[in-house]
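A.B. asks: pasting the structure only:
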Ligand SMILES: [Zn+2]
Ligand SMILES: [Zn+2]
């Protein structure tokens, strides 16, 4: 299985984040990608290829153009305003506030285009996020070119990012960008299986009214976990997409045995849907030692996860999402890829 | 003119706030109320009376009951969850996220019930906010009892707080609670004039569809200032309230001379509306030395403001809102009250 990666993805290097109401050292750091890449090489998963450059258009197929432009121009405007540190938004257009006004102020823009205060934006965030999306697109191209599987080593991750907002360490929704690209270049049915510990709220929302991209997510119950406001079992799609979203929210403390019934159900949905290709939003934060999460996967369980996904039997693009137990991240990730097998 | 105040309002004593993406020393501090009280006494504005206790009902007339309960129970739940420091929310239910789910997690609740990350909630926040609202209600009662004017020394302030959210240092919307009380106890028409530097987004939204409470606000253009997402000139009310909201957004750097045309227009609206009573949301943050604001009022200008408001000639309840140049806050506030006169 080929791995796609670009060094540009390392340029986003946040120092701090706001979490649980405190400023803490950032957990979504470049070292995450480095250790996965090192382990891919050590354990000889397959060739590592650079990501191709893509035009902006595939990003604009899932994100608002003005949102993409905002991220692109942000650091220039931020420093012009005399700011030097990484940026956090602090006010949001919630209920009774307006979404329809043209915002000029940089702090207004930050709130307009974000869902949380925990996701720092720095000088090279746009470049890294863009490179991460290009990595996903390159992986999608490999699938279109006939590869049975590919691993897009995306970072920063993507599944929390929505049509016009960032959050949860995510800026561009790599899985959604890749799924749309597969649709635009010939595939009729694409499935996204999100196994990150957190619900992929951005991905779900982007395809919520569409039957051509099935969205399945197994994750910590949003009653107890970020993103709190999406990912419940009663969300099953709307309009033409009714029935094409499925969520399996699971309680804190879930281990592999308690997880597998949901996984089996998700795999049955995949059999019924018969996608032309599957995208796996591969977060490794169900791991027992993950510093911000509450599931109890062991490293060996990730081999079983890979094996089970192989049995689905469709071309599969793995995309890295979360996972913050950095020391074990390479092992856990490559366990999935090795379990999956593939040439 | 009588001043209403309760020592309980001092119990909310935040240490830090998140502003412009950084943790900074809090500016909405108990000393603000103390210096105003001291100046009221020194300059013999009139008697200082304690605030009466009111039942929860007047608060629930403008705020969601579940929001009031959330604030009341918050600190217990926060400490039960093992947290000890003052609380900041960090994720919000913006576009594509759900408003309709029952949130259990304390961080989800914080996001559900807030509009910004800059407003710390501490152990005694509820008690102080409740006392601040009681101060406003006591002031309203003085007006109902026939006083021509009264000063409710409210703190924490209120005008950013909405139906079911806090933000901008505000928890209960003291002006809205007082206006509703005046309506409920006999007055037919109440006007709120908000002269705080910031737009009173909470107050506006609470009465946006109602003709019985006129809302007028003169403030920094939200294009350049918090709250960014409300307070534009094209917001004039809706449904039965169409025409009963007016905003005068003014550019950064506005001084008294540039402010007066808007004030004159607002006063003309008051003449036309002929309210039975007027509530002045008295923020003093248009002051030139205010640390978070960008207007250029001098201390003497506040005498002129008081004089102009006296000419409107209706029973007037002053409520303290913002103002963070603490050393000058007492002088500026009492300048308004003295300019207004009243026995
Ligand atoms: Zn995650
Ligand atoms: Zn203010």
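C.D. replies: Received it, and whenever you're ready, just let me know what you need. Just so it is clear, the structure is predicted and the values come from calculations on it, not from any experiment. Numbers count the residues shown, from 1 in each chain, chains lettered A, B, ... in the order given. Ligands and ions are numbered 1, 2, ... in the order given.
A.B. asks: low-confidence ranges, the stretch 201-343 of chain A, go.
C.D. replies: A:342-343 (pLDDT under 70).
A.B. asks: what segments of chain A are strands?
C.D. replies: Along chain A, counting by DSSP state E, strands occupy A:2-5, A:16-19, A:22-25, A:48-50, A:149-152, A:190-194, A:213-220, A:245-250, A:277-282, A:316-320.
A.B. asks: and the closest residue to ligand 1 within the stretch 201-343 of chain A, what is it in contact with?
C.D. replies: When scored by Cβ to the ion, the stretch 201-343 of chain A has residue A:322 as its residue closest to ligand 1, at 2.8 Å. All C-beta atoms are positioned from the backbone trio N, CA, C, and that covers glycine. Contacts for residue A:322 were tallied using Cβ atoms under 8 Å, 6 or more residues apart in numbering or on different chains; they are A:28, A:157, A:169, A:196-198, A:283-285.
A.B. asks: ok, which of the residues you listed also contact ligand 1?
C.D. replies: A:196-198, A:283, A:285 (Cβ under 5 Å from the ion).
A.B. asks: which one of those is nearest residue B:33?
C.D. replies: residue A:198 (42.1 Å; Cβ to Cβ).
A.B. asks: the closest one: neighbouring residues, count only.
C.D. replies: By other Cβ atoms under 10 Å in any protein chain shown, 27 other residues sit near residue A:198.
A.B. asks: tell me the contacts of it?
C.D. replies: With Cβ under 8 Å, 6+ apart, residue A:198 has these contacts: A:159-160, A:168, A:219-220, A:225-227, A:231, A:283, A:285, A:293, A:322.
A.B. asks: nearest to residue A:107 among the residues you listed?
C.D. replies: For those, with residue A:107 as the reference and Cβ to Cβ as the criterion, the closest is residue A:168, at 20.2 Å.
A.B. asks: surely that closest one meets residue A:227?
C.D. replies: Yes. Here residue A:168 reaches residue A:227: they are 6.4 Å apart, a contact under Cβ atoms under 8 Å.
A.B. asks: spit out the residues that contact these two alike.
C.D. replies: Joint contacts of residue A:168 and residue A:227 (Cβ under 8 Å, 6+ apart) are A:115-116, A:160, A:198, A:201.
A.B. asks: show me which of those is closest to residue A:308.
C.D. replies: residue A:198 (20.6 Å).
A.B. asks: just want the phi and psi numbers for the closest one.
C.D. replies: phi -100, psi 150 (degrees, to the nearest 10).
A.B. asks: what residues are up against residue A:99?
C.D. replies: By Cβ under 8 Å, 6+ apart, the contact set of residue A:99 is A:93, A:112, B:95, B:229.
A.B. asks: quick one: which of the strands of chain A is nearest residue B:16?
C.D. replies: Residue B:16 sits nearest to strand A:22-25 of all these, at 9.5 Å, using Cβ to Cβ.
A.B. asks: buried residues in that closest one?
C.D. replies: residue A:23 (16 or more other Cβ atoms under 10 Å in any protein chain shown).
A.B. asks: residues in contact with residue A:166?
C.D. replies: Contact partners of residue A:166, counting by Cβ under 8 Å, 6+ apart, are A:71, A:113-115, A:119, A:121, A:160.
A.B. asks: output the ones next to ligand 1 among the contacts of residue A:322 as TSV; include the columns distance to residue B:133.
C.D. replies: Output for these, formatted as TSV (distance: Cβ to Cβ, whole Å):
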residue	distance to residue B:133
A:196	43
A:197	41
A:198	38
A:283	44
A:285	43
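A.B. asks: for these, which one is nearest residue A:37?
C.D. replies: Residue A:37 lies nearest to residue A:283 out of those, by Cβ to Cβ, at 17.1 Å.
A.B. asks: what parts of the stretch 151-300 of chain A come near chain B?
C.D. replies: With Cβ under 8 Å from any Cβ of the partner chain as the criterion, the stretch 151-300 of chain A comes near chain B at residues A:162-165, A:167, A:201-202, A:205, A:208, A:222-230, A:232.
A.B. asks: please report how far the residue in the stretch 51-200 of chain A that ligand 1 sits nearest to lies from residue A:186.
C.D. replies: Closest approach between the stretch 51-200 of chain A and ligand 1, counting by Cβ to the ion: residue A:198, at 3.6 Å. Per Cβ to Cβ, to the nearest Å, residue A:198 is found 31 Å from residue A:186.
A.B. asks: between the longest helix along chain A and strand A:316-320, how big is the angle?
C.D. replies: Identified as the longest helix of chain A according to DSSP state H is helix A:125-144. On the basis of axes from the mean of the first three to the mean of the last three Cα atoms, to 10 degrees, helix A:125-144 is oriented at 160 degrees to strand A:316-320.
A.B. asks: roughly how far is helix A:125-144 from the heart of the chain?
C.D. replies: 12 Å (Cα atoms, centre = their mean, to the nearest Å).
A.B. asks: which residues touch the closest residue in space to residue A:197 that isn't next to it in sequence?
C.D. replies: Sequence neighbours aside, residue A:285 is the residue nearest to residue A:197 in space, at 3.8 Å (criterion: Cβ to Cβ, 6 or more residues apart in numbering or on different chains). Residues near residue A:285 by Cβ under 8 Å, 6+ apart: A:196-198, A:292-293, A:295, A:322-325.
A.B. asks: wouldn't residue A:188 be in contact with residue A:274 here?
C.D. replies: No. Counting by Cβ under 8 Å, residue A:188 sits too far from residue A:274 to count as a contact (9.8 Å).
A.B. asks: next up, the contacts around whichever residue of the stretch 1-150 of chain A sits closest to ligand 2.
C.D. replies: The stretch 1-150 of chain A approaches ligand 2 most closely through residue A:91 (13.1 Å), counting by Cβ to the ion. Counting by Cβ under 8 Å, 6+ apart, residue A:91 makes contact with A:107-108, A:111, B:115-118, B:167, B:226-229.
A.B. asks: could the contacts of residue A:198 go into CSV alongside distance to residue A:23?
C.D. replies: Formatted as CSV, these follow (distance: Cβ to Cβ, whole Å):
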residue, distance to residue A:23
A:159, 24
A:160, 20
A:168, 17
A:219, 26
A:220, 24
A:225, 21
A:226, 17
A:227, 20
A:231, 26
A:283, 24
A:285, 21
A:293, 20
A:322, 20
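A.B. asks: which members of the residues you listed are classed as buried?
C.D. replies: Using 16+ other Cβ under 10 Å, the buried members of those are A:159-160, A:168, A:219-220, A:225-227, A:231, A:283, A:285, A:293, A:322.
A.B. asks: so which of these belong to helices?
C.D. replies: Assignment to helices by DSSP H places none of those there.
A.B. asks: so which bits of the stretch 1-150 of chain A are right by ligand 2?
C.D. replies: By Cβ under 5 Å from the ion, no residue of the stretch 1-150 of chain A approaches ligand 2.
A.B. asks: now the helices for the stretch 1-150 of chain A?
C.D. replies: All helices of the stretch 1-150 of chain A, identified by DSSP state H, counting those that start in this stretch, fall at A:30-42, A:57-60, A:65-80, A:106-112, A:125-144.
A.B. asks: give me the neighbour count for the nearest residue to residue A:320 once chain neighbours are set aside.
C.D. replies: Leaving aside its sequence neighbours, residue A:320 sits nearest to residue A:154 (Cβ to Cβ, 6+ apart; 4.8 Å). By other Cβ under 10 Å, 34 other residues sit near residue A:154.
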